[in-house]
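1. what would the 3D arrangement of this be:
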Amino acid sequence: MTAGSRGDVAPYTGLGHGLSRAGHEVTLVTHARFEPLVAGAKVRFHPLPVDPRAELESSRGRGLHRSATGVGKLVRVVAMARALVGRMTDDLVAAARSSDLLLLSASVGPLGHTIAEGLSLPYLDVPLQPLAPTREFGPPMLGVRSLGAMGNRIAGHGVSLAVEQVFAGALPAVRDRLGLPRVSTAAAWRARERQGRPVLHGFSPLVVPRPDDWRPGLSVTGYWWPYDGEPQLPSPLRDFLDAGPAPVYVGLGSATVPEPGRLSSCIVRALRRAGLRGVIQRGWAGLEVCGDDMLTIDEVPHSALFPRVAAVVHHAGAGTTAAGLRAGVPAVPVPIQFDEGFWSARLVALGVAPRTLPLRRLTPDTLATALMRATRDPVFARRAETLGARIREEDGVAPVLAAVDRWGG
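-> Just a heads-up that it's a prediction; the model follows:
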């Protein structure tokens with residue numbers, strides 16, 4: 001069960017495919033618009049009614065861009081999610097009734113925990129980000145650098161309680177429906193913490209090592225790669241790639257931006273100043289470019305495209321960050337909101353990106369300078385290639401399979 005953007009869904013198609021190959025019957029429960037992602041993955045699909053793209057493009061969704069800080073954006077997204085979560089409850093309960101075990105992303109966690117309790121189902125949390133409080137770094141969802149050991153832990157607990165508040169309005173009705181006594185949001189959260197249940201995180205320990213102060217049961221498995229089957233690139237893209245030097249990929253995934261035309265122009269000017277060709281993914285941001293040295297594309301498998309580019313410029317969402325690392329190519333992260341600042345900082349710390357360029361401070365000059373460093377300094381390419389080779393050796397599905405066999409038996 002998961003909700004959110006494409007990056008909150010695609011990794012679970014790969015995880016589900018791996019569990020299916022091991023003999024389990026798997027159903028992906030998420031927004032109806034993502035049903036094509038499971039094609040060929042041997043995974044069933046149960047749709048949820050909310051369309052995340054439509055919500056982001058609504059006046060309420062566009063309001064996220066009016067907040068300049070991580071805290072401000074979190075406050076707005078909590079309010080936005082609170083208004084939507086009730087619309088998904090019926091389908092989540094219906095899907096759970098025909099299941100033996102629930103795998104829960106962080107985006108549906110508190111609601112999934114309640115449903116599992118009410119139906120007496122075992123469950124496992126399988127988040128894509130390191131959400132448990134730790135002294136070692138600040139909460140990824142705030143996109144801030146370290147607040148100091150004590151500040152990091154306090155802020156981490158604060159974000160956890162804020163996430164619980166997303167579901168506070170919907171949970172009483174669900175508990176009544178399932179015959180559970182009502183409890184406060186804070187009490188439910190504390191009770192789960194005392195249980196010490198396993199949480200399996202879908203990212204590489206080479207990218208974010210497991211914090212030393214995490215409790216037992218919190219593990220880092222390695223990435224779950226989106227199921228691509230035998231990925232193919234469309235012929236116009238193949239022809240463009242073959243027609244000259246490796247281009248730079250630019251894409252913001254499921255992020256939206258306030259002025260797509262202005263940003264598209266900025267990207268083209270930066271690429272040309274750096275003497276680079278560009279493949280620009282339209283995405284939910286609506287980027288659009290033209291010219292013999294530029295190509296606009298729609299969604300294509302990152303696993304097929306990224307190994308053929310010189311660098312990737314992206315919003316540093318968890319999924320796109322992982323895809324670039326897997327391909328072993330340098331990055332220029334352009335974070336927009338939430339955990340993107342956290343992943344951007346990791347890319348710089350790992351030595352595979354020259355710097356972070358937040359969208360609000362992006363100019364043709366700053367992007368061109370970063371691109372020239374990323375593509376002309378061989379240190380970035382060597383580090384990215386070495387790290388990518390190690391990440392590709394990991395098997396992130398195996399620990400989840402072992403936990404499913406243990407907890408779902």
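2. tell me the domain boundaries of the protein?
-> 6-223+394-407, 235-392 (automatic domain parsing).
3. which one of those domains lies nearest to residue 229?
-> Evaluated over the domains of the chain, closeness to residue 229 peaks at domain 6-223+394-407, with 4.8 Å, by C-beta to C-beta. Using the backbone N, CA and C atoms, a C-beta is placed for each residue, glycine as well.
4. quick one: terminal-to-terminal distance for the closest one?
-> 28 Å (C-alpha to C-alpha, to the nearest Å).
5. over to stretch 325-332?
-> 12 Å.
6. would you pull up how far that stretch lies from the middle of the chain?
-> Mean-position distance between stretch 325-332 and its chain equals 16 Å (C-alpha atoms, centre = their mean, to the nearest Å).
7. tally up the residues packed near residue 229, please.
-> For residue 229, the tally of surrounding residues (other C-beta atoms under 10 Å) stands at 10.
8. how about residue 363?
-> Using other C-beta under 10 Å, residue 363 is surrounded by 12 other residues.
9. what of residue 312?
-> Counted with other C-beta under 10 Å, residue 312 comes out at 29.
10. strand partners (parallel or antiparallel) of the helix or strand encompassing it?
-> In this assignment (DSSP states H and E), residue 312 forms part of strand 311-314. With DSSP bridges as the test, strand 311-314 is paired with strand 248-251 (parallel), strand 331-333 (parallel).
11. how far does that strand sit from the chain's center?
-> So, by C-alpha atoms, centre = their mean, the centroid of strand 311-314 is 16 Å from its chain's centroid.
12. got the contact list for it?
-> 248-253, 267, 306, 320-321, 323-324, 327, 329-334, 367, 371, 374-375, 380 (C-beta atoms under 8 Å, 6 or more residues apart in numbering).
13. immediately after that strand, which helix or strand?
-> Later in the chain than strand 311-314, the nearest helix or strand by DSSP H and E is helix 318-327.
14. give me the low-pLDDT residue ranges for the protein?
-> 53-86, 144, 185-186, 189-190, 193-194, 408-409 (pLDDT under 70).
15. which ones are touching the residue most central in space within it?
-> In the chain, the C-alpha nearest the mean C-alpha coordinate belongs to residue 318, at 3.6 Å (C-alpha atoms, centre = their mean). For residue 318, the contacting residues are 7, 11, 128, 129, 203, 339, 343, by C-beta under 8 Å, 6+ apart.
16. next, the buried residues of stretch 26-43.
-> Residues of stretch 26-43 classed as buried by neighbour count (16 or more other C-beta atoms under 10 Å): 26, 28, 29, 30, 31, 33, 34, 37, 38, 41, 43.
17. which two in the residues you listed are spaced the farthest apart?
-> Maximum distance among the buried residues of stretch 26-43 (C-beta to C-beta): 19.5 Å, for 26 and 33.
18. pull the contacting residues for the closest residue to residue 299 other than its chain neighbours.
-> Leaving out its chain neighbours, the residue that sits closest to residue 299 by C-beta to C-beta, 6 or more residues apart in numbering is residue 281, at 7.1 Å. Neighbouring residues of residue 281 by C-beta under 8 Å, 6+ apart: 249, 250, 251, 252, 253, 287, 296, 297, 298, 299, 300.
19. tell me the one of those nearest residue 168?
-> Nearest to residue 168 among the contacts of residue 281, with distances taken as C-beta to C-beta, is residue 253, at 29.2 Å.
20. list the contacts of that closest one.
-> With C-beta under 8 Å, 6+ apart, residue 253 has these contacts: 5, 6, 7, 281, 283, 284, 314, 315, 317, 319, 320.
21. equivalent analysis for residue 93, please.
-> Counted by C-beta under 8 Å, 6+ apart, residue 93 has contacts 115, 119, 174, 177, 178.
22. buried residues in the helix or strand where it lies?
-> In this assignment (DSSP H and E), residue 93 forms part of helix 89-97. Of the residues in helix 89-97, 89, 91, 92, 93, 95, 96 count as buried by neighbour count, 16+ other C-beta under 10 Å.
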